[in-house]
Structure formats: C-alpha cells, structure tokens
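Novice: 3D, please:
(chains A, B, C and D)
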Protein chains: 4
Amino acid sequence: MFFASDNWAGASDTVMAALSSANDGFAPAYGEDDISRRVAARFNDIFEREVAVFFVATGSAANSLALAHSARPGGAIFCHDEAHVAVDECGCPEFMTGGSKLVRIKGAGGKIAPEGLAKALSGFQDGFVHHGRPQAVTITQSSEIGTVYTLDEIAAIKAVADTRALPLHMDGARFANALVSLGVTPAEMTWKAGVDLLSFGGTKNGCWCAEAVVIFDKDKADELAWLRKRAGQLFSKSRFIAAQFDGYLADDHWLDLARHSNAMAQKLADAVEASDNARLPARPEANETFIVVKKVRIPAMRDAGAAFYEWPADGLAPDQALRADEELIRLVTSFRTSEADIESFVALL
Amino acid sequence: MFFASDNWAGASDTVMAALSSANDGFAPAYGEDDISRRVAARFNDIFEREVAVFFVATGSAANSLALAHSARPGGAIFCHDEAHVAVDECGCPEFMTGGSKLVRIKGAGGKIAPEGLAKALSGFQDGFVHHGRPQAVTITQSSEIGTVYTLDEIAAIKAVADTRALPLHMDGARFANALVSLGVTPAEMTWKAGVDLLSFGGTKNGCWCAEAVVIFDKDKADELAWLRKRAGQLFSKSRFIAAQFDGYLADDHWLDLARHSNAMAQKLADAVEASDNARLPARPEANETFIVVKKVRIPAMRDAGAAFYEWPADGLAPDQALRADEELIRLVTSFRTSEADIESFVALL
Amino acid sequence: MFFASDNWAGASDTVMAALSSANDGFAPAYGEDDISRRVAARFNDIFEREVAVFFVATGSAANSLALAHSARPGGAIFCHDEAHVAVDECGCPEFMTGGSKLVRIKGAGGKIAPEGLAKALSGFQDGFVHHGRPQAVTITQSSEIGTVYTLDEIAAIKAVADTRALPLHMDGARFANALVSLGVTPAEMTWKAGVDLLSFGGTKNGCWCAEAVVIFDKDKADELAWLRKRAGQLFSKSRFIAAQFDGYLADDHWLDLARHSNAMAQKLADAVEASDNARLPARPEANETFIVVKKVRIPAMRDAGAAFYEWPADGLAPDQALRADEELIRLVTSFRTSEADIESFVALL
Amino acid sequence: MFFASDNWAGASDTVMAALSSANDGFAPAYGEDDISRRVAARFNDIFEREVAVFFVATGSAANSLALAHSARPGGAIFCHDEAHVAVDECGCPEFMTGGSKLVRIKGAGGKIAPEGLAKALSGFQDGFVHHGRPQAVTITQSSEIGTVYTLDEIAAIKAVADTRALPLHMDGARFANALVSLGVTPAEMTWKAGVDLLSFGGTKNGCWCAEAVVIFDKDKADELAWLRKRAGQLFSKSRFIAAQFDGYLADDHWLDLARHSNAMAQKLADAVEASDNARLPARPEANETFIVVKKVRIPAMRDAGAAFYEWPADGLAPDQALRADEELIRLVTSFRTSEADIESFVALL
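Specialist: Numbering: from 1, shown residues only, chains lettered A, B, ... in the order given. Coordinates of the predicted model:
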C-alpha cells in the first residue's frame, strides 16, 4: 500500500533488462555511443520531427536547465502557484537561471488559465527595467494535483505566451500519464500545441533514472549541452541512461505502464466514491488521486502500512473545503500498484 | 584496445548484479531506503569513523559541490594547473560556488608542491578585500597524469592549508587506483592525512553511475544536502546508486578492480620500455600511462582500432620533452582491460 | 509639480556643500579616510550602539546585499507582495543571493501581518530539502504605499521571525520619513524592535547618492565587505559618500528634510479631502500620497506639467475600489516640494 | 607625497563645479534627464560614431558588466596575468558573469602578446564541452604597470580574437592617460583598432565617481541596461554622474588632467634615473612609475609622509630582477600631483 509517490516503485523489469543488456564491453563516453544514437532517433520518431534530446540526472535538473535555456538578466518565469519548479525544487530553477524569478499564478484545478497568465504578464511593461522581463512560461502535464491540460488549454496558454514571444516549457515528469489520459500523440501534446521545451520524465513511470530535456527547435538547442555540462549533469557512462529509455520506449512499454497507473487511480477513485468514510473532491485524470478522509482514521491507516502524504488543502474548490475533522491526502499510483494494493487500502478507510 | 578513458568500460558484473537485485518492490525515495542506510554504514566502516555521504550524478558534480561547501564571496580555490576542476568541468566549480576563482598552481608530476601552494596563498593578504580570499585547496588522487600523492605529500599540503584554515578537498575520481597503488587504508589516505572532503568516485572503476561526496567532519556536513538538492543532484530512486556502491564495496571488489587496472598499466609500461618505437617519460603509478610515440604511427594505430587521446605535453620534464616527430598519448586502463588488449596494442607500436 | 518620485529632487544645498567641502586634497581610498571614520562614529551615535556601516551605490544594492548576508542554498526571503525588492529591482536580490526565492505575502495597507508571515513560513518544514528553507524577513519602512509600521507591528513580525531564527531586514529607502512620522528614535525603530539589518537610504531624502547597509550585530558584519566588493559596490573615492552623509546627518538636517516632505503630503491629503474631484483612499503616513482621480482629468494634468505615476489599484481596500472612470495615482513629495507646488497641483484636479 | 593611487586625489575643481551646478531643481531619474542626454551625445562626438553609454558606480562594475555582456555557460575570458579583473576585483567578474573563468596569460611589459593569446585559445577546441569555451578577450589600457598598448598591438590582439569571433574589451580605468601617451584619438584607440566594449574611467583622472561602459555596436547594447539594473548599478539621481562627465569632457579638460599626470610620471622617472639610490626598470608610459629602491630606505620614506605601495616583482625582466636588498615600489601620479611633491619625494631617496 505504497501511495507516497510513484518514485517509490523501482524500475520495470523491461527497463532493468535493457539496462543490464547495455553493459556489453566498451563504449564511447558522454553520449557518443550506439545506444544513445538509437534512442535519439527514437525520440525523433515519437515526436514526428527532428528534436534535440539531452539526458540529465533528475526531473529538477531537467526543468531547471530547460528554463535556464531562456534565462536572461531580470528574467521572470511564469508558473502555477503549486508548480513543482516553484515549490519542490529547493530553488534549483532560480539557481540554474542565475536568479530568475518565478511568478506564481493561482489557477483552478492546478492549472494556469490564459487570463491569469495575461494578467501576470501585464505587470511587466516592455523595456521597463525595474520590473525585469518575462522569459518563459512553464506548465506541468499532468499537473501537481493530477489534472491534465487539454490540447486547447495548452494552445490557449501558448497564444498568450506568444504575445510576448515567450517559449512554453512543459514539465513532463508525468508526461506519459497525461498522454494516455488524453489519448493523443506526443507531438500533439507538445510542439503541435505550442510547447517549445519539454522535461521528458521516465523515472516516475518505470525507469530508475531517465530524464531528458527535449527541445523542438534544434536551432538553438546546442546551448543546452553547455548548460548541462556546467551543471555537472553530463553522465560519462551515458549509455546506461539511453538503455533505460531504449527499453522504456520500445513497443509502447511506457504507455502501457502509464495506462496501468492511471487505471489504478480510477479504481481508487471509484472505491472512494462508493465509500461513506472518504470523499473525492475531483476525479483523477492521471495517476494522482486526492481524497478527503477523517483525520481520526489516519494513524490506523499508517499503522496498517499505508504510505501517503497529507496535502495542503488550499487549492480545493470552495464547495469542497475541508471540515475541521477532515484531512486531504494524496495517493499516487504507479506501474507497480496492484489491484490488491487498492483493495487493501480501501478496506482501511 | 580501448584506452581512451576508463569511463568507456561499462560496469562490472558484480555491480550490475547488485543494481538489478535492488529492484525489489517499493522503497522510500531520496535516500531513505534500507540499501542507502546500509551503504552509509559501510562508508563509516571503510573510513573508520562516522562520515557523511552524499550521492551525486557525476564526478564534476561531486567536486563542484564539495567545493561549494566552503564557498564564500571572493573565494579562491587552489588547485594544480592541470586539475580536472580547472580544465575539464566547463566551469562547473565556478558556477556551483557562485563565482569562486580557481587559482592554478604549476607543479611537477601533476602534483601541487607545498611551496607552490604557499607562494600562491601569499598573494592573498588577510582581510584585503580586493584580492578575494582563500577558500579551499583541492588535489587529485590519483592525479590527472596518473601519479599518486604520498601520505607525506598530502600531509605537507594540509600543513600549508592549515596556515590559512583552509579545508583540503581530494578529487578521488580514481580514488581506488591511488589506494591500491600506495597500499594504504582509505582512512590513512584521507582524514588521517588531513583531507576534509572527498569526491569518492565509483564510476570510472566499475560502477556505471556512483559518485559521492564524503565529508569527514559531520558537524557542518548537512549543508551539502541543500547544495545537492539545489543543483538537481538528489536522485529520487536513490537506492539504485546505493546498490551500485553496495556491490562495489563488498568483499573488496572495488580494490580488486583497481588492482587489475593498475596492473594493466604496469604491463603496458613494461612493454613500452622494451620497445624501440615508443618511450615512457615516467612509470605509471595508477591506471594512466603516458607514452611518447612517433607521430607517423598514430594513424595506423587508430585504423587498427586503438582508442586513445593525444595529450598536451607541456607538463613533461625538460629532459623528456617531445621531439618534432613525436606525440604524447594517454592510455587509460580499466577493470575491463585484458592482457590481450595490451598485447594487441603493443604490437601496433 | 513634480510628484513622480522623491528621486527627482536633486540634493539639498547642505548636502551638496558638504560634498564640495570634502574635496580637499588627497585622502586614502576605499573608506579609510577621516570623513568616513567620522560618519561611522555618527552612525553609532544615531543608533545608540556600535553598528557596522557599509556605503553602497543604490537602494537596490543596499537591499540585495543586506539579503545576501543571510543567503544560503535553497533560501527563501519573506516580503510583502508589493515590496520593492520583489517588484522593482529587476531580480537584483535573487541575483545577489545566488538564487534565493522571494516569497510574497499579501497584507493590508502595504504591510506584512504576523499571521501572514506565520502562514507563509509554515510551508517550509525544518529540514525538508525540497521546499528550501527560510532565510530572512524583510519589511519596507515607510512602505511602498506610504504607510508606516508601528513599533509594535515590527516587534510582532520579529517575534514570528524568531520562531525560525530569521534575521529581520528593513528596507529604509524612506527611513527618515517613517522616523519622523512615528516620532521615535532610530534605535527604537530598528534594533530595539528587532531589526537586524537596515538599508539606510539618504538618496531619496536629499542626498544625491548615499545609501548604506547598517548591521546591528557587528560580529558577522564583516562578511558584507566581501559581498560589497564582489558586487562592484565599493567606491574608491568613498569619502564623497561619507561627506554627503556628514552633511545629511548633522544638526538633524535629515529629519528636517523628512518632516518637510511628510508635511507636504499632509497638505496634499487635506486638499484632496476637500476636493469634489478626487478622493483619498487613506491618509498618508509618510511622503507618498495615493489619490483617486477621474481618468478624464489626467491628460490635462500632465499637459499642465504635473509629473506622477498611475499605480496598480489591486491593493485598495474593497470599499475604496476604483470605479470604471477612475484612476489611482501616486504623488511623492520631497524636501524640494513647495507649498506652491501643492497648490498648483490641487488647482488642476 | 601621495603616490599610493590616483584615487586618493579627489575631484578636479572643474568637475566638482559641474556637479554642483547640476543640482538645479527637479529632473527625471534613471538617466532620462537633460544632462544625461547631453553627455550621451558628447560620447558620440568623442568616439566619432553612435555609441551606447551606461554609467555605473565603479571600475570593477564597469569591467564586470562589460564582460557579463558576453557571458555564456562555460565561458572563458582571456586576460593578462596581472589584470585588474583577475587580481583586484574580488571575483566580481566571475560573479557578474555567472561563473565565467578568467584565463590568465603571462606577457612582457604587463601586456598580452598575440602569440600568448593564440596559445591560450588553442586549449579550447570548438564544441568540446568539457573545457568550456572562449567568451571574450580583455586588455587594460594603460596597463596595470603603466605601459600602453600601441594601436598595432591592439589590432593584433583583435585579429587573434577574431579567429574565434570574440569581442575585445578594454579596461580603460586610465583611458585618458593612455590616450595622451599615444597621442591618438579615442576612436583610433578603440573601435578603429578592434575594441568592442570599453570601460571608460573618469574616477581616477579627476571625477569622484564617473565610470561608464561604452558599447560600440549599439545593436546588442541594450542588454547592458538589464545587467546594470540587476546588479544594483543604476543610479536614480543619475544626472550627477552625467554632470561629472559633462565637466570632465568639456574643453578637453580630461586630456589636460591626464597630460599633467603623465608629465609628473616622466619627471619622477627622470629624477630616479639621475639618482644613485634608486633605479628605474622601465620608463613609464602613462601615470604609473615603478622604481626599485633599497629596502632599508622605505621606513624613512614612509615616516616622512610618502604614501605608496610595495609591489610584487615577478613581472620584472630578468636583467632587472631585484637584489636581496631591494624592493619594487609603485608610484602613481595624478592631476593633483605637483612638481613640489615629486621633488620632495625624490629628496627622500
């Protein structure tokens, strides 16, 4: 009953097998090996165009380096108020950008609305040096609270970003979960909707360490190679990152893993809706389910071995606000979550 | 015949097996898992005291974060003129320290001499704000040219560092190779000789990605946790780094790997000494062998599949200086280098 | 009718005379001169204790370096949502701190409330590396909208800061205006109320370039000398900053200047209250007066030579919100503002 | 007998008068005033083309921001081994550039030679991410030891910089002294010889605080406005910097001041050459004179009121090397140095 995070789940057997099989003699370091080349080509296939791919160690690094790509003095990055980049990365984006400012925008359902973005941007007049200047917009797909931007929503945000010529970055730590939730293609959910840079996450969905920055416009992409190396994020034995992606991306394995995670979230949501002892503020759209439980039940749930986090309830819609005896908890499902896990957990409610 | 770098060698089977066996169900993220705890304890054993260990993604990250630990405005870090931190890390140390300066000190045999350090330090008067101020001293063990500091040499450098209350950092990308070369214990080669912080490298010697910062004084060590996270270097599925170290450190596997690498270097050196077509400026002390060959031979060697780098010859002793028709090349041996590799290579000379 | 900012006002004759008289032959550079020593002693007198004083070029530099004094990886600085450091310094605080995050707290009347600070701090659990960690609290006195924290309000904020051992910084760009508004002593408004570091502004109140960081605990103050020099903020001919302060602080000249500026704001407020064509959302407490005028009047006012800024009205209390035909404007008075200026302006309403 | 530095000299009466006369009522802040516009036009005249001018607080700031203009991850800046940016700015250039590396090049007479630059550049192969990449070249005119690059020497350095498309920066803290020494025009000594960015120093030569970054290609110049503001270097009452330049540049006042300083250095050199108790390793070319004196004489000289610095003698030509009983001292003359000062000093030798 491990619902604390999808990063507790280890690696899928397929990914681990691909990793092991890559350990075959000598290979050039720093990404000049055959597997790296093969994986780079696969990214082109997946995104239906030439893209630039840069492996990095963590999701924080992917986000921060992607944002550093557009850094400039006085830069301001626009994100949701609960965005991982703003809340959970210990200032890595600020550090990697040389001190850019994250402008946090409140928005319902864990998502930026175009109007909110436009209003935030209006505080930065062109050429007015005191306020600094917009640099990039970033969204999380699927979001910090398990919702998913529709293609139209992404395009609408990009339209606002375009008014100031800003690149749109997508934090795809749970990219696959969003993709199968929408039932669209990677190209549709990214560059076709206006995304310029993507943090492509494999770790949470079945790799053990496979994160990449994907840049859709190859023209300026090379700058990321310098940013990455300067940040100590260029692996010498890079083939072992590539190998994980190789296994992950082959035969739609990554999508299968995400479908399973999402399905487990739906099953959990169904059970909560049927329960008298918990309630569901909103249906999950990916692999994170937020439920409201009686505070008094939590110790027993933990004693029984359930792992999960209590969560700030500020983002709940007013009609869903917590009562005094309630707590909001987050339940993350993964490729390794079983139906039995769900059933055992629900029995604890 | 792959002598380009020890990071071409992949991972040892033992390490890879340990990695695979760590993929056993759920485990807490970010280093709170059982394997991480076990490995932390093992580091205590190896170093014969309580130490603080922080896993990071790369050797550049280990060095740069270790140096960031003592960073302060106007800071100057003293290193050898050919140090990896100064030459091969794309400014990562400068970046991670917020702009500290690397003061490069020339020294014979790829090593800083105490006198050279003292002279460099004398340029920084206490409290004279214009020049900045010393922050740390860093040495590479084994060095960039395959030499090894003796325990006395380390202690002598520390004695100079002590005159300015500077921490001594050791870049141990090839720590094990130096250790078996000297035939001393890890404690003797580090804190007992005056080392305060260590970049403990596993990658080059048989892991695929296992680097750690080791801090001997646990009092101020926690600061590195923040530096690491801010740098995007905290792995979520951290158990897989721990697992590599688990296999690497068990049963002296790491020392066996290093002994083999070093032995291959000796074999190579013997062969070169016996050769009429190449010469050996100095005996290797670890797993890097620098030899002088006729320029004209190099294309054929490459055509035959030998991988190696040509190297700047500035550091050669005057009586070993290159003639016009000669080239200096670097040959790095690893756990995977076989006697057959050596023989095939020597046959090309 | 120049109400755009108090930094349009030039320098007071007294300050300019002091500056000129300092140009008397040779003097040691970098603050080792006699005038600098005399001014340092005067700061001790004014604050009734030994303090450390560091001259810098601008208010942004003073704020940013004062905040850099407590910088640490993952640092978060707590400020009001409209604080100058957050809105008007082009990211200088983020840059000087190496990427600290400004956490913006909404609060009525341009001031942080202790409850708001406590809530913001609660998002940062001790030792939870992902969120980063609190580093400092900063308040502006007088505030961005011309209000003034009472001594009790400052002490209450410090009490919350103390729960996390955070230094309290005061942005005193308009320090003198607040001081005479409260009728208290510099010591009472700073360290006696819990302020640890102060940006002491002279520029807006009659110097042409005289800003200083004042640190009340001299123990750790020296670090600022390095921060300042590294930021290119150490003047060589530093005596000319000292000379301005010398004239500014002698014979309560600074307080007289501020009393005049504040009195002009009161006169302006009185006139607006008496007017049918403008309204006053709140009485000014220092030298900034915000008034609501008919939009349609603004072009004529500008044509007549009035200089002022239109201002975002988000911070207005709900019962004072703008109507569709209204605009909020900011009027800043200075030592140079005359009663005639006020009368001419009011006649335009 | 104040020869410690030209920054001990205060301001010229002409400059101080211009400063005082600028204090005439209200004026727009941040450089939008009439005097600033007039001075900007004068810079165009002086340099015989449209240039972009940015006032900053100090010479370190001018240099560091000019170098930050070309900053990029992994950047390396090439300078002389004794350059002010490398030795005397407490890491300000490294800080302002986000961690660029200063590559120090030894060169006779305090000057970089084209061959030395070419060799240093050869260590940075195009696209090789490990080493970082060249970013800019900077020279000091007049140099740290009072020598002056000829126009041909500047052009030759630029020719090497051009092979890697690097901008050439000139640290002109003593620009005027070099100009009158060469007897050329500002345009000839800068952009006509290949200089792209200039730190134009007025402080050492008779202003009290007047430094500017001049950018000859206006196309990309605006970026400096953001860099400057982010560094807390944008003065609000900017007219008072402009006013100093106004007085400084009018009627060739700046050149007259420099001619006097240089003439005093020549007089000093003549006297030393005629002396039995001191020797002159090289004739001064600007306003810094380095002389070798008997160590034993120094205390008496200081007792008599002479102010000067002892200087590292590493840069002396071998045939001029210090004997055991000798010391190298630096004597800087300024607009305020009188013939009587020289005579009194020489009498002490």
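Novice: show me what contacts the residue nearest to A:Ala113 when sequence neighbours are not counted?
Specialist: Among residues not flanking A:Ala113 along the chain, A:Gly107 sits closest, at 5.0 Å (Cβ to Cβ, 6 or more residues apart in numbering or on different chains). Every C-beta, even on glycine, is put in place using the N, C-alpha and C of the backbone. Residues near A:Gly107 by Cβ atoms under 8 Å, 6 or more residues apart in numbering or on different chains: A:80-81, A:113, A:116.
Novice: ok, now A:Thr150?
Specialist: By Cβ under 8 Å, 6+ apart, the neighbours of A:Thr150 are A:Leu182.
Novice: same thing with A:Thr333?
Specialist: By Cβ under 8 Å, 6+ apart, the neighbours of A:Thr333 are A:3, A:6, A:261-262, A:264-265, A:268, A:287-289, A:342.
Novice: likewise for A:Ile298?
Specialist: Going by Cβ under 8 Å, 6+ apart, the list of residues near A:Ile298 reads A:310, A:327, A:329.
Novice: filter those down to the buried ones, PyMOL style.
Specialist: Buried residues among the contacts of A:Ile298 (16 or more other Cβ atoms under 10 Å in any protein chain shown), as a PyMOL selection:
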select buried, chain A and resi 327+329
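Novice: which of the contacts of A:Ile298 lies closest to D:Ser236?
Specialist: Within the contacts of A:Ile298, proximity to D:Ser236 (Cβ to Cβ) peaks at A:Glu310, which comes in at 47.9 Å.
Novice: against B:Phe216, how distant is the closest one?
Specialist: A:Glu310 sits at a distance of 38 Å from B:Phe216 (criterion: Cβ to Cβ, to the nearest Å).
Novice: repeat that for A:Val129.
Specialist: 47 Å.
Novice: and A:Leu121, by the same measure?
Specialist: Using Cβ to Cβ, we find A:Leu121 at a distance of 50 Å from B:Phe216.
Novice: what does A:Asp162 give?
Specialist: Computed as Cβ to Cβ, the A:Asp162 to B:Phe216 distance reads 54 Å.
Novice: what about stretch A:45-61 and chain D, touching?
Specialist: No - against chain D, stretch A:45-61 shows no contacts by Cβ under 8 Å from any Cβ of the partner chain, the least distance being 11.1 Å.
Novice: ok, that stretch near chain B or not?
Specialist: Yes - judged by Cβ under 8 Å from any Cβ, stretch A:45-61 and chain B are in contact via A:56-61.
Novice: and the contacts of A:Ile298 as CSV, adding pLDDT?
Specialist: Listed next are the contacts of A:Ile298 as CSV, based on pLDDT from 0 to 100:
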residue, pLDDT
A:Glu310, 93
A:Glu327, 95
A:Ile329, 95
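Novice: grab the longest helix from chain A for me.
Specialist: helix A:253-273 (DSSP state H).
Novice: please enumerate residues in contact with that helix?
Specialist: With contacts defined as Cβ under 8 Å, 6+ apart, helix A:253-273 is touched by A:6, A:12, A:14-15, A:146, A:174, A:176-177, A:179-181, A:202, A:205-206, A:247-248, A:278-280, A:283-284, A:286-289, A:291, A:331, A:333-335, A:337-339, A:341-343, A:345-346, A:349.
Novice: after that helix, next one along is what?
Specialist: strand A:278-279 (DSSP states H and E).
Novice: quick one, strands of chain A?
Specialist: For chain A, strands defined by DSSP state E occupy the ranges A:52-56, A:75-80, A:101-105, A:133-140, A:168-172, A:197-201, A:211-215, A:278-279, A:288-294, A:309-310, A:326-332.
Novice: what would those look like in a markdown table with distance to B:Asp33?
Specialist: Listed next are the strands of chain A as a markdown table, based on distance: least, Cβ to Cβ, whole Å:
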| stretch | distance to B:Asp33 |
| --- | --- |
| strand A:52-56 | 22 |
| strand A:75-80 | 30 |
| strand A:101-105 | 31 |
| strand A:133-140 | 26 |
| strand A:168-172 | 25 |
| strand A:197-201 | 20 |
| strand A:211-215 | 20 |
| strand A:278-279 | 29 |
| strand A:288-294 | 22 |
| strand A:309-310 | 17 |
| strand A:326-332 | 17 |
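Novice: ok, A:His84 touching A:Gly172?
Specialist: No - A:His84 sits out of contact with A:Gly172 when judged by Cβ atoms under 8 Å, with a separation of 11.0 Å.
Novice: higher neighbour count, those two?
Specialist: The residue with more neighbours, out of A:His84 and A:Gly172, is A:Gly172; 29 against 21, by other Cβ atoms under 10 Å in any protein chain shown.
Novice: hang on, the earlier thing: D:Asp24: which of the strands of chain A is closest?
Specialist: With Cβ to Cβ, the closest approach to D:Asp24 among the strands of chain A belongs to strand A:133-140: 33.8 Å.
Novice: and the closest one with chain D, contact?
Specialist: Yes - using Cβ under 8 Å from any Cβ, strand A:133-140 reaches chain D at A:Arg133.
Novice: which neighbouring elements make contact with that strand?
Specialist: The criterion is 3 or more Cβ pairs under 8 Å, 6 or more residues apart in numbering or on different chains; DSSP states H and E, and the helices and strands that strand A:133-140 contacts are helix A:59-68, strand A:75-80, helix A:151-162, strand A:168-172.
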